[in-house]
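J.: Below: sequence and its predicted model.
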Amino acid sequence: MEIADVSRAGSRVLLAATVTYALLGAVALTGLGTLPAATETGAELVAWFRANASSIRLGVWAFTVMLPAFAVIAALTRARLPAPHRDVFFLGTMVYAACIAVWTWTWGGLALHAERLDPAITRTVLDVACFFGPVLTGATTTMMAPVTLLGLRDEVVPRWLGALGLIAFVEQSVETVTIFGSAGFTQPGGAMNMQLGGSLTFAWILGVGFWAGLSVAGRRGREVKQ
């Protein structure tokens, strides 16, 4: 098989992985729904987990089976980037995947025996999980920065992806303030982390996957015209 054929096959795999990631991401976000705030009491958390135990486990399942698709996106996108950008990007994706795994352990564990949860322990355990969003910004900015830089320079990566990356990168950088938050929009695990930051990061990952998957087909089309 020629190198071009291998590249086109990889492009199809990457596009399939991106679509799979999008669909499973929708299931995960639907399953988890609106997460409880850092300001809620232990008793309120116990009631929430008892009412949502099944949907939480569905969300945890979706995040778990998303990992192979994300790994394909990360690995095949890395191959399309120059050094050292590709290595910085790949390091960020590995930390990102690891953080999500640890975060889902917490939610799945609390949902396992929701009917027997202790309010004080539940609040303490979830306080740890709430810092998933604030700390994850380190991983997201690491994987976004090299791709965004290339896009803004119009080198390998298109400008539209560079612009999307710049928006997401700036938001994720500002989002680090949630480490110091305690209530409201900037509380750990709150709307800034999960709704705003999560949506932008999700959109950026899909943008990267579709760009990398379609880039080979686009180059092939230009070659034929020439």
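T.: Yep, it's here.
J.: List of residues touching stretch 35-51?
T.: For stretch 35-51, contacts defined as Cβ atoms under 8 Å, 6 or more residues apart in numbering pick out 56, 110-111, 114-115, 117-123, 126-127, 130, 181-183, 187-190, 194. For every residue, glycine as well, the C-beta is placed using N, CA and C.
J.: Now name the helix or strand holding the residue nearest to A22 when sequence neighbours are not counted.
T.: Closest residue to A22 apart from its sequence neighbours, by Cβ to Cβ, 6 or more residues apart in numbering: L206 at 5.6 Å. Applying DSSP states H and E as the criterion places L206 in helix 198-225.
J.: Show me the contact partners of stretch 201-216.
T.: With Cβ under 8 Å, 6+ apart, stretch 201-216 has contacts from 7-8, 10-12, 14-15, 17-18, 21-22, 25, 70, 73, 76-77, 80, 140, 144, 147, 157-158, 161, 164-165, 168, 172.
J.: Now which of those residues would you call buried?
T.: The neighbour-count test (16 or more other Cβ atoms under 10 Å) marks 7, 10-11, 14-15, 17-18, 21-22, 25, 70, 73, 76-77, 80, 140, 144, 147, 157, 161, 164-165, 168, 172 as buried among these.
J.: so where's this structure shaky on pLDDT?
T.: 1-9, 216-226 (pLDDT under 70).
J.: In it, mark out all the helices, start to finish.
T.: Here the chain has its helices, by DSSP state H, at 3-32, 42-78, 85-112, 119-130, 132-152, 159-174, 191, 198-225.
J.: Please identify the deepest-packed of those helices.
T.: When those are scored by mean count of other Cβ atoms under 10 Å, the highest mean neighbour count falls to helix 132-152 (a mean of 21).
J.: What angle do helix 159-174 and that helix make with each other?
T.: 150 degrees (axes from the mean of the first three to the mean of the last three Cα atoms, to 10 degrees).
J.: What is helix 132-152 packed up against?
T.: If you count contacts as 3 or more Cβ pairs under 8 Å, 6 or more residues apart in numbering; DSSP states H and E, helix 132-152 packs onto helix 85-112, helix 159-174, helix 198-225.
J.: In TSV, list those along with distance to L35.
T.: As requested, the helices and strands packed on helix 132-152 are arranged in TSV below (distance: least, Cβ to Cβ, whole Å):
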stretch	distance to L35
helix 85-112	9
helix 159-174	19
helix 198-225	10
